[in-house]
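Please find the sequence and the predicted model below.
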Amino acid sequence: MDTANNRHSRLQSFLDDPARSMWTLAIPIIAGMGIQTLYTIVDMIFIGRLGGDAIAAVAFNMPVFFMVLGLSFGLGSGVTASIARFIGADDKVNADNSAEHAVAMALGISVILTSLGLVFGQTILLKMGCTPEILPLAWEYLKVSCYGISFSVFSMFFRSILAGEGDMKLPMLVAGLGTILNIILDPIFIFTLGFGVAGAAWATIISQIIVFLIFVFMLFIKEHAYVRFRMGDFLLSKFILIDIIKVGLPASMSMIVMSIGQLVFNRLLVNFSTDAVAAYQVGGRVEMVIFLPIMGIASALTTMVGMFFGARESEKIRFITKYGISRSVSITIIGAVMLYIFAPLIVTWFTGEANIQKIAIGYLRMICIIFPLISVGLSIGRILQGIGLGMPSFTITVIRVIGVAGPLAYYFTHVLGKPVEWMWYAMVVSGIVATAISVVWLRAGFRKFL
């Protein structure tokens with residue numbers, strides 16, 4: 001077990017070789033997210049065996065969970081950037097304070113989201129376009145999932161704290177254990193116990209509880225982290241709160257806007273059929289695999305840029321920005337080509353229903369064209385978070401989802417009467433616009449702060 005001093009020395013050594021350091025941070029993230037993505041794929045395969053309605057029920061829940069993820073992951077990004085900058089500036093006191101504020105935020109978010117979900121869940125599902133036929137299944141899944149929201153939120157913040165100090169290994173191992181347990185429990189609860197769609201939610205809750213308990217043991221009892229938690233002496237600090245929120249809140253709002261985008265697309269797609277909603281959900285799960293390495297690189301860039309910014313290492317920020325983006329683009333080009341070729345085979349793993357397969361294949365083959373552009377925009381957003389700029393990511397997301405993709409999809413399908421494929425064209429156009437804006441914003445941010 002590393003001592004605090006050894007851990008700090010190891011973090012400082014990352015500054016000496018940026019390229020190697022990026023992969024040192026990114027690979028454990030990719031592995032951890034890969035295991036998590038494996039679960040989501042296996043989960044959807046199991047649910048797909050229950051039929052198209054079961055897939056659609058989960059699909060209508062996705063915007064809700066994306067909002068939960070948005071708040072936790074977004075504010076967690078603020079925590080990661082804050083802790084990384086303080087460590088880079090050799091300010092451990094404020095790094096500790098940031099971690100304590102993260103725990104307090106997790107508690108507040110957990111209480112609010114759980115209450116809202118249990119009280120207004122059915123109404124929310126109906127407002128998102130869930131049909132009366134699908135509602136019982138969708139609400140059954142959401143109601144059970146609400147019981148586990150708090151464990152998921154806390155675990156997300158714990159991972160963000162560790163990411164801020166450069167420890168990606170523990171989150172990877174803990175996430176791996178939780179995911180393996182989830183995969184084991186899925187068929188037991190879905191089929192053996194006969195819980196159906198709700199069984200998938202119960203399997204997730206149990207695994208989330210175990211992940212939460214492991215994090216609590218390692219961080220509060222074993223004191224594994226470089227930062228320390230003294231919650232008994234916790235006092236709210238306006239300075240720390242602003243430092244986290246100025247990056248975290250825009251990042252959260254970005255993901256909430258993306259969830260609204262999912263909601264809008266579900267409502268538009270359901271006008272074609274519930275099969276179209278299910279196909280969009282299948283396509284989204286497949287996309288996650290392609291973007292695993294990109295998410296890992298982007299998360300590593302937030303930590304590294306934050307540390308370099310705190311240490312006033314401008315040239316290293318410029319180097320790691322070019323290096324990270326170029327690697328992301330190369331990876332997504334390869335992934336896009338492979339996906340275009342093998343999309344028909346991949347989709348059959350999720351569903352045997354021919355119409356869902358046809359729509360999902362069309363979606364994947366269209367959207368993969370802009371994967372390299374998406375990787376650029378995603379990386380730039382996380383880089384700007386590292387230097388303390390959260391608004392660019394939020395603004396660009398609003399333009400992409402609310403300003404371009406949603407209105408254009410509505411215009412194509414409701415005004416011009418085009419088929420469902422034209423919704424994918426709207427996504428492509430919005431991706432091109434968003435990437436162009438993000439590149440301009442990156443250059444402006446670098447000119448101002450570096």
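Thanks, I have it.

Check which helix or strand residue 285 maps to.
helix 274-290 (DSSP states H and E).

can you check residue 201 too?
Assigned by DSSP H and E, residue 201 belongs to helix 197-216.

Remind me what the helix holding residue 285 packs against, helices and strands.
helix 18-48, helix 52-88, helix 238-270, helix 314-348, helix 354-367 (3 or more CB pairs under 8 Å, 6 or more residues apart in numbering; DSSP states H and E). All C-beta atoms are positioned from the backbone trio N, CA, C, and that covers glycine.

Please identify the buried residues of the helix holding residue 201?
Going by neighbour count (16 or more other CB atoms under 10 Å), the buried part of helix 197-216 is 197-212, 214-215.

ok, back up a step: show me which of the helices and strands packed on helix 274-290 has the highest average neighbour count.
Mean neighbour count (mean count of other CB atoms under 10 Å) peaks for helix 52-88 among the helices and strands packed on helix 274-290, with a mean of 26.

what about that helix, distance to the chain center?
For helix 52-88, the distance from its own C-alpha centre to the chain's C-alpha centre is 5 Å (CA atoms, centre = their mean, to the nearest Å).

ditto for stretch 417-429
Distance of stretch 417-429 from the chain centroid (CA atoms, centre = their mean) equals 24 Å.

Ok, stretch 219-239 next?
From the chain centre to the centre of stretch 219-239 is a distance of 25 Å (CA atoms, centre = their mean).

Which stretch among the helices and strands packed on helix 274-290 approaches residue 282 most closely?
Closest approach to residue 282 among those is made by helix 354-367 (4.6 Å; CB to CB).

relative to helix 314-348, how tilted is that closest one?
With axes from the mean of the first three to the mean of the last three CA atoms, to 10 degrees applied, the angle from helix 354-367 to helix 314-348 works out at 160 degrees.

now for helix 354-367, which elements pack on it?
Helix 354-367 packs on helix 274-290, helix 314-348, helix 421-449, going by 3+ CB pairs under 8 Å, 6+ apart.

Next up, the contacts around residue 289.
37, 41, 335 (CB atoms under 8 Å, 6 or more residues apart in numbering).

Surely residue 190 and residue 200 touch.
Yes - counting by CB atoms under 8 Å, residue 190 touches residue 200, with 5.7 Å between them.

and for stretch 18-31, what are the contacting residues?
14-15, 163, 166, 168-169, 171-172, 176, 292-293, 295-297, 299-301, 303-304, 308, 316, 319-320, 323-324.

Drop anything exposed from those residues.
Applying 16+ other CB under 10 Å to these flags 14, 163, 166, 168-169, 171-172, 176, 292-293, 295-297, 299-301, 303-304, 308, 316, 320, 323-324 as buried.

Narrow those to those in helices?
Among these, DSSP state H puts 163, 169, 171-172, 176, 292-293, 295-297, 299-301, 303-304, 308, 316, 320, 323-324 in helices.

Please tell me the pLDDT value assigned to residue 39.
You'll see residue 39 listed with a pLDDT of 70.

Verify the contact between it and residue 184 for me.
No - in this structure, residue 39 is not within contact of residue 184 by CB under 8 Å, at 10.4 Å.

What does residue 313 show for phi and psi?
With angles defined as degrees, to the nearest 10, residue 313 sits at phi -100, psi 80.

Distance of it relative to residue 37?
For residue 313, the distance to residue 37 equals 33 Å [CB to CB, to the nearest Å].

With residue 53 instead?
24 Å.

same deal with residue 130?
25 Å.

Number of residues surrounding residue 411?
By other CB atoms under 10 Å, 13 other residues sit near residue 411.

just residue 192 next, same as before
Neighbourhood size, residue 192 [other CB under 10 Å]: 10.

confidence score at it?
Here the pLDDT value assigned to residue 192 is 91.

so what's the backbone phi/psi at it?
Per-residue torsions, residue 192: phi -60, psi -50 (degrees, to the nearest 10).

measure it to residue 225 for me?
As for residue 192, its distance to residue 225 is 39 Å (criterion: CB to CB).

Would you mind saying which of the helices and strands packed on helix 274-290 lies nearest residue 375?
Of all those, it is helix 314-348 that lies closest to residue 375, at 4.1 Å by CB to CB.

Just the mean pLDDT for the closest one, thanks.
Helix 314-348 comes out at a mean pLDDT of 93.

Repeat that for stretch 292-302.
For stretch 292-302, the per-residue pLDDT averages 86.

CA atoms only for stretch 287-307, dumped as CSV, please.
Extracted C-alpha coordinates of stretch 287-307, given in CSV (Å, rounded to 0.1, in the frame of the first residue of the first chain):
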residue,chain,number,x,y,z
GLU,A,287,-21.6,2.9,-29.7
MET,A,288,-20.4,2.7,-26.1
VAL,A,289,-17.9,0.0,-27.1
ILE,A,290,-16.3,2.2,-29.8
PHE,A,291,-16.0,5.1,-27.4
LEU,A,292,-14.4,3.2,-24.5
PRO,A,293,-10.8,4.2,-25.4
ILE,A,294,-11.9,7.8,-26.1
MET,A,295,-13.6,8.2,-22.8
GLY,A,296,-10.5,6.8,-21.1
ILE,A,297,-8.2,9.2,-22.9
ALA,A,298,-10.6,12.1,-22.3
SER,A,299,-10.7,11.4,-18.6
ALA,A,300,-7.0,11.1,-18.4
LEU,A,301,-6.7,14.4,-20.2
THR,A,302,-8.8,16.2,-17.5
THR,A,303,-6.5,15.0,-14.8
MET,A,304,-3.3,15.7,-16.6
VAL,A,305,-4.3,19.1,-17.9
GLY,A,306,-5.5,20.0,-14.4
MET,A,307,-2.2,19.0,-12.9
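
And it, how far out from the chain middle?
10 Å.

Could you do stretch 209-216 as well?
20 Å.

who's in contact with that stretch?
Counting by CB under 8 Å, 6+ apart, residues outside stretch 209-216 touching it are 148, 151, 154, 155, 158, 174, 175, 177, 178, 181.

ok so, going back, of the helices and strands packed on helix 274-290, which shows the lowest average pLDDT?
Lowest mean pLDDT of the helices and strands packed on helix 274-290: helix 18-48, a mean of 79.
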